[in-house]
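Undergrad: here is a sequence with its predicted model. Questions after.
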Amino acid sequence: MRRINPVRNIRCKSRKNKISNRVNFIKMVASGNDFVVAETRNPKLLARQICDRKYGVGADGLLILDKSKVANVKMRIFNPDGSEPAMCGNGARCIAVYSARDQKTETRNQIKIETKAGIIESEVDGNNVKIKFTEPKDLKLDLPIIINGITRHVSFVNTGVPHTVIFVSG
């Protein structure tokens, strides 16, 4: 896990080309996914603006922090198109590191993150993060699919968001 770009101010243009408010943000990377962590009242619009790799900062997603009554922090994630998935594992890793550095308690390395998929527990050790997801659902193993006329076998698991898994040897 590494941080890139310290907190910066940017100006975002709306669709009407009017300049909106300045946004403080930090850009973080986890396992090759990059995210912008920011506070905003209009996350769908900001996600479309800031995640754009040509005209914005460029990111795989926008992470929004909020207060939680059941965890240390509440995380919302927005895709570059403005849609909101239930959670993102690599996004949760970024939020865990960010929140651990912000906590002033003895248990700052144990961060609970509220998501639409449930509570994600994390353990932070510097830039290393262990994540305990919610219980996986809809596990389906060895499903045949045909790609370019070749049958492949995949597995499916829902960890809060659906994933297709292909096991490889090596």
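TA: That came in fine, so what should we check first?

Undergrad: most remote residue from the protein's center?
TA: residue 149 (34.7 Å; CA atoms, centre = their mean).

Undergrad: and that residue, what are its phi and psi?
TA: Note on residue 149: its backbone torsions stand at phi 80, psi 0 [degrees, to the nearest 10].

Undergrad: how much space is there between it and residue 142?
TA: Distance of residue 149 to residue 142, given as CB to CB, to the nearest Å: 20 Å. From N, CA and C alone the C-beta is placed, and that goes for glycine too.

Undergrad: OK, contacts around residue 79?
TA: 47, 51, 60-61, 85 (CB atoms under 8 Å, 6 or more residues apart in numbering).

Undergrad: can you pick out the most distant pair from those residues?
TA: Using CB to CB, the pair of these lying farthest apart is 51 and 85, separated by 13.5 Å.

Undergrad: tell me which of the two has more neighbours.
TA: Applying other CB atoms under 10 Å to residue 51 and residue 85 shows that residue 51 carries more neighbours, namely 22 against 17.

Undergrad: name the nearest residue to that one, sequence neighbours excluded.
TA: residue 80 (3.7 Å; CB to CB, 6 or more residues apart in numbering).

Undergrad: out of the contacts of residue 79, the closest to residue 158 would be?
TA: For the contacts of residue 79, the closest approach to residue 158 (CB to CB) belongs to residue 85, at 11.6 Å.
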